[in-house]
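A.B. asks: Generate a structure from the sequence data that follows.
(chains A, B, C and D)
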Amino acid sequence: MDIVEIIIGVIALLMAIRIFLTRSRARKLLYLCCLSFCISALIALYVDSPMGGIVAITYFVCSTLSSNAIAYTIEQAKDIE
Amino acid sequence: MEFIEYILYIGYLLLIIGIFGTVIGPKVDNPFIRMMNVEVLTVGVSLIFLAYDEALALMTFISVNAVLSLILVRAIILNTEYDEE
Amino acid sequence: MEIVEIIKVVVAGIICWLNFVLIDTYFGLPEKPGVLGAKTIGEKIRDIGGNIHGGYFMGNIVCSPDASAGTLLASIMSYLMGVEGGIIAALLVWIGNRLCADPGYAGTIGALTITAIIYLLSPIIEAKYFIAGMVLAIFTIQGFEHKYASILLGKIAKKMNRGE
Amino acid sequence: MEVLPLISGICCILGGIGVILHTNPINKIIMFALLEVGMIGLIVSSYYLDIAIISSLCEPICTIILLLGYLKYITTIKKKKKYGRDLPVLSK
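C.D. replies: Numbering: from 1, shown residues only, chains lettered A, B, ... in the order given. Sure, this is the predicted structure:
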């Protein structure tokens, strides 16, 4: 095990627990963004070839698109309720 | 524990959680919430496909699953709209 | 031996933090919410006692790939492929920026800048430490404590005449 | 064991419990995103890279369909409650 992977793993574990315990909806999105950074770095360190970099970039851009849609819906649902 | 057994046990655990959550979960009389609990089951089935090395079945199952949720959401909205009384 | 590696990670983290905060502030992220989703995150940050311009900054990072994403992806690709990887990452970040309907070139500029920095510093600090440094830098803004981080970002934005 | 399968397994179990226990639908969708993160990590850690690209492309489509369905559902409920019973029907 490398020291770099251990640092990223500890941060990812902390974020996964804080998403589960926080009650506010908007603050969960901030923690989810930080977890997405950690997973994208771990994929590139695990698969040690240029194809792993393509997977990491595709995953990160699609995850950002998903959280953009969730934040837009929170704004819309606040008006209706 | 080997790596294949690790994936297989996580898949079985998600299946058990999903089944009990769909039948006796909290606030399950709302049809939208009950439909969203079913999504846990599909991830469990995908992990079991992964453990048995069925690559083509896994790819087809993930792609069809997005279309399937569209049909279920449309059915729930039409059922609510045309409901009597 | 491990002490040297930890010092390298911390130094790389400080370089990445300065890089993406300065570029994002210069391109005007704290002034206004670029997309509609960033507005509700900024108001939520204000409700718990933070600064609203720092809240807009955090919301814009969540809702579209900006200079922070450019820094991480360019350091990943330059760890795997060398200098050519950084340019490929800049192209893919530009496509991602257009998908999220966000005007601005912060992501591309950030990716090109960190590629140049890694190429200049490559005999001392390898590209592997920049990945851990970027994760450590994003942890201090988005994950640790939202209130004080937004106040600090608001002060930096006020000093550079962006916002207010 | 390596770091990536360990983190992905913890994300899968936490996400699966969280989807069941939360009752607000937007909270359930955020927890569903956490579950998908774990699934993509487990697929990558057994070196099926092409399926990982397909899976990460299909995840925003599924999320957007669920969100649009939720907005339409809540609008239908409000409209029915406002105009539903009090219309002057002929039988009354």
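A.B. asks: Show me where chain A has its helices.
C.D. replies: For chain A, the helices defined by DSSP state H occupy A:3-21, A:25-46, A:50-80.
A.B. asks: just those helices: most buried one?
C.D. replies: Of those, the one with the most neighbours on average (mean count of other Cβ atoms under 10 Å in any protein chain shown) is helix A:25-46, at a mean of 24. C-beta coordinates here come from the backbone N, C-alpha and C atoms, glycine included.
A.B. asks: Using the three-state scheme, assign D:M1.
C.D. replies: Applying DSSP: H, G, I helix; E, B strand; the rest coil to D:M1 yields a three-state assignment of coil.
A.B. asks: that older thread, any chance of the helices of chain A in a markdown table, plus distance to chain D and mean pLDDT?
C.D. replies: Below are the helices of chain A laid out as a markdown table (distance: least, Cβ to the nearest Cβ, whole Å; pLDDT from 0 to 100):
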| stretch | distance to chain D | mean pLDDT |
| --- | --- | --- |
| helix A:3-21 | 4 | 91 |
| helix A:25-46 | 5 | 91 |
| helix A:50-80 | 4 | 90 |
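A.B. asks: CSV please, covering these and showing distance to chain B.
C.D. replies: Formatted as CSV, the helices of chain A follow (distance: least, Cβ to the nearest Cβ, whole Å):
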stretch, distance to chain B
helix A:3-21, 14
helix A:25-46, 13
helix A:50-80, 13
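A.B. asks: Between those, which one is closest to C:K147.
C.D. replies: Ranking the helices of chain A by proximity to C:K147 (Cβ to Cβ) places helix A:25-46 first, at 10.9 Å.
A.B. asks: and that closest one with chain C, contact?
C.D. replies: Yes: for helix A:25-46 and chain C, the contact criterion (Cβ under 8 Å from any Cβ of the partner chain) is met by A:26-27, A:29-31, A:33-34, A:37-38, A:40-41, A:44-45.
A.B. asks: for the helices of chain A, which one sits closest to B:L13?
C.D. replies: When those are compared by Cβ to Cβ, helix A:3-21 sits nearest B:L13, at 16.4 Å.
A.B. asks: who does that closest one touch, helix- and strand-wise?
C.D. replies: helix A:25-46, helix C:2-26, helix C:127-138, helix D:3-21, helix D:25-44 (3 or more Cβ pairs under 8 Å, 6 or more residues apart in numbering or on different chains; DSSP states H and E).
A.B. asks: residue nearest the centroid of chain A?
C.D. replies: With distances taken as Cα atoms, centre = their mean, the residue of chain A nearest its centroid is A:S36 (1.9 Å).
A.B. asks: brain fart, chain D
C.D. replies: Geometric centre of chain D, nearest residue: D:I29, 3.5 Å, by Cα atoms, centre = their mean.
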